[in-house]
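J.: Test case, fold it:
(one chain, ligands or ions: 1)
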Amino acid sequence: MSHSSTLSATRARFRSQRIERFTESVIREMTRRAIQENAVNLAQGFPDFSAPEPLKRAAAEAIVADQNQYSITWGAQPFRNAIAAKYRRDYGLDFDPEREITVCCGATEGMIASLLAVLNPGDEVVLFEPFYENYGPDTQLCGASARYVTLHAPDWTFDPEELRRAFTPRTKAIILNTPNNPTGKVFSREELGLIAELCQEFDALAITDEIYEHILFDGATHVPILSLPGMRDRAILVNSLSKTYSVTGWRVGWVLAPPDLTDSIRKVHDFLTVGAATPLQHAGVRALEFGAEYYRQVTESYAERRNHIVTSLEAVGFQCFLPRGAYYVMADISSFGFPDDHSFVTHLLGKAKVAAVPGSSFYARAGGGRQQIRFCFCKKYETLEVVRHHLNCLLK
Ligand code: GLN
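T.: Numbers count the residues shown, from 1 in each chain. Presented below is the predicted three-dimensional model:
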């Protein structure tokens with residue numbers, strides 16, 4: 001809504017109907033406000049610590065070695081081979097690098113390219129709510145409409161009957177993000193089984209955003225829905241280097257899909273972006289070669305950070321919904337007595353110099369998330385200590 005004055009000034013003739021209902025990304029707006037207020041940014045989910053040294057070196061070496069021109073539009077071959085090897089190693093799944101893998105500019109492009117490749121105007125897409133804010137606009141850009149299924153706090157469970165009611169003969173796909181942003185929910189094999197059954201019954205696709213697959217707590221395990229019986233032909237898996245390897249600015253992601261769908265996705269991808277950055281794809285080969293110890297460290301260090309921030313938040317009156325994966329925590333703000341999430345976020349920014357995301361930006365239905373806000377905790381230990389100290393002023 002903050003753009004309404006700019007929008008009304010735009011001549012209607014030059015305003016595409018596709019973007020008419022768009023609002024500014026609240027996550028990125030909060031990053032801007034954090035910079036203005038000189039606050040700690042726990043809004044937009046990106047690390048404030050260094051990327052792994054071997055990756056930085058591999059990227060620099062690729063540039064020096066003159067890997068600086070276009071790669072094949074669907075991805076440099078060594079990188080596609082490394083992606084195939086990763087899925088074989090981690091899940092025992094075989095993907096053909098020539099026909100089933102497309103490298104994109106981040107999972108963001110992977111998702112929109114996939115949706116543009118499979119949706120027609122009038123199609124319906126099922127989304128779990130709360131949801132990562134891109135999926136709504138992505139669906140609208142395709143002229144499709146979203147049907148929402150509520151994830152209920154504190155465990156973010158869903159009602160199987162509500163899920164079934166969301167599927168109709170017009171349903172083309174369900175978008176699933178597990179481990180989930182913003183809730184930290186990790187969908188269980190049983191829940192995925194229910195979704196898989198509905199996809200088969202209604203002849204729909206499961207399009208999954210699995211970028212937090214390696215950030216798991218308390219023994220949670222990640223299951224790609226395409227590994228379930230009958231799903232290999234009706235699933236599109238989107239992933240990226242961003243979160244696992246702390247390189248959110250590289251914009252290198254990939255899409256796994258059966259050959260016919262890959263064909264369509266590659267066509268969209270080619271005309272959207274031609275390709276992802278070549279030297280960074282070569283560095284990506286190095287990333288995907290990391291051994292088990294790297295992933296153990298990722299999990300362990302994020303578990304420590306999660307425990308740190310949850311303790312800080314609960315000490316000053318937030319009620320946290322403990323995440324089982326990803327690097328965000330949704331917190332209930334009812335005990336502070338504010339009318340809504342936006343006024344509370346502004347208070348938090350001004351008083352404690354900490355930026356968070358208002359919960360309502362993850363909901364479509366009016367009133368959803370009004371007493372929730374999201375913090376990210378992909379930050380240095382020192383940053384989390386500063387946050388603990390700053391939050392104390394909420395008690396005064
Ligand atoms: N995925 C990150 C988040 O949810 C970054 C969002 C973005 O800027 N696209 O905060």
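
J.: By proximity to the ligand, which residue of the stretch 101-250 of the chain wins?
T.: At 5.1 Å from the ligand, Asn181 is the closest residue in the stretch 101-250 of the chain, using Cβ to the nearest ligand atom. Any C-beta I mention is one placed from the backbone N, CA and C, and that applies to glycine too.

J.: burial count for the nearest residue to that residue once chain neighbours are set aside?
T.: The shortest distance from Asn181 to any non-neighbouring residue, by Cβ to Cβ, 6 or more residues apart in numbering, is to Tyr132 (4.7 Å). Tyr132 has 25 neighbours, counted by other Cβ atoms under 10 Å.

J.: Then Ser25?
T.: Ser25 has 15 nearby residues by other Cβ under 10 Å.

J.: Hmm, Glu133 and it touching each other?
T.: Yes - taking contacts as Cβ atoms under 8 Å, Ser25 lies within contact range of Glu133: 6.2 Å.

J.: now do the same end-to-end measure for stretch 130-138.
T.: Taking Cα to Cα, to the nearest Å, stretch 130-138 runs 16 Å from one end to the other.

J.: mind listing what the residue nearest to Asn181 touches?
T.: With contact set as Cβ atoms under 8 Å, 6 or more residues apart in numbering, Tyr132 has these partners: Asn177, Asn181, Pro182, Asp209, Phe362.

J.: Write the PyMOL selection for whichever of the residues you listed are buried.
T.: In PyMOL syntax, the buried subset of those is picked out as below (16 or more other Cβ atoms under 10 Å):
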select buried, resi 177+181+182+209+362
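
J.: For the contacts of Tyr132, work out which two are farthest apart.
T.: Asp209 and Phe362 (14.0 Å; Cβ to Cβ).

J.: Using CSV, write out every CA atom in stretch 26-45.
T.: The C-alpha coordinates for stretch 26-45 follow below in CSV (Å, rounded to 0.1, in the frame of the first residue of the first chain):
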residue,chain,number,x,y,z
VAL,A,26,7.5,-5.9,2.6
ILE,A,27,10.7,-7.9,3.3
ARG,A,28,12.8,-5.6,1.1
GLU,A,29,11.0,-2.5,2.4
MET,A,30,12.0,-3.5,6.0
THR,A,31,15.6,-3.9,4.8
ARG,A,32,15.5,-0.3,3.6
ARG,A,33,14.0,1.0,6.8
ALA,A,34,16.6,-0.9,8.8
ILE,A,35,19.4,0.9,6.9
GLN,A,36,17.7,4.3,7.4
GLU,A,37,17.3,3.6,11.1
ASN,A,38,20.7,2.1,11.5
ALA,A,39,19.1,-0.9,13.0
VAL,A,40,20.0,-4.6,13.1
ASN,A,41,18.3,-6.2,10.1
LEU,A,42,16.5,-9.4,11.1
ALA,A,43,14.0,-8.8,8.3
GLN,A,44,15.4,-10.0,5.0
GLY,A,45,16.9,-13.5,5.3
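
J.: Return the set of buried residues in that stretch.
T.: 26-27, 29-31, 33-34, 39-45.

J.: which two from these end up farthest apart in space?
T.: Val26 and Val40 (17.7 Å).

J.: those helices in the stretch 51-200 of the chain, which residues are they?
T.: Secondary structure of the stretch 51-200 of the chain, counting by DSSP state H, counting those that start in this stretch: helices at 53-64, 77-91, 106-118, 135-141, 160-166, 189-201.

J.: Point out where the stretch 1-150 of the chain drops to low pLDDT.
T.: Within the stretch 1-150 of the chain, the ranges that satisfy pLDDT under 70 run 1-10.

J.: Just the ones of the contacts of Tyr132 in strands?
T.: Among the contacts of Tyr132, the members falling in strands (DSSP state E) are Asn177, Asp209.

J.: How about the contacts made by the residue of the stretch 101-250 of the chain closest to the ligand?
T.: Gly45, Tyr132, Tyr212, Ala326, Tyr328.

J.: near the ligand, which of those residues show up?
T.: Gly45, Tyr132 (Cβ under 6 Å from any ligand atom).

J.: Quickly note the distance from the residue lying closest to Ala355 once chain neighbours are set aside to Ile333.
T.: Closest residue to Ala355 apart from its sequence neighbours, by Cβ to Cβ, 6+ apart: Ala34 at 3.6 Å. Counting by Cβ to Cβ, to the nearest Å, the separation of Ala34 from Ile333 is 18 Å.

J.: Run a quick neighbour tally on Glu24.
T.: 12.

J.: Now it. Its backbone dihedrals?
T.: The phi and psi values for Glu24, taken as degrees, to the nearest 10, are phi -60, psi 150.

J.: so how far is the first residue of stretch 126-146 from its last?
T.: 6 Å.

J.: whoops, I mixed them up, stretch 312-325
T.: 19 Å.

J.: chain center to it: distance?
T.: With Cα atoms, centre = their mean, to the nearest Å as the basis, stretch 312-325 stands 21 Å off its chain's centre.

J.: Say whether the ligand is contacted by that stretch.
T.: No - looking at stretch 312-325 against the ligand by Cβ under 6 Å from any ligand atom, there are no contacts, and the closest approach is 12.9 Å.

J.: List the buried residues in that stretch.
T.: In stretch 312-325, counting by 16+ other Cβ under 10 Å, buried: Ser312, Leu313, Val316, Gly317, Phe318, Gln319, Cys320, Phe321, Pro323, Arg324, Gly325.

J.: and the last one, backbone torsions?
T.: When you say that, I think you mean Gly325. According to degrees, to the nearest 10, Gly325 has phi -170, psi 180.
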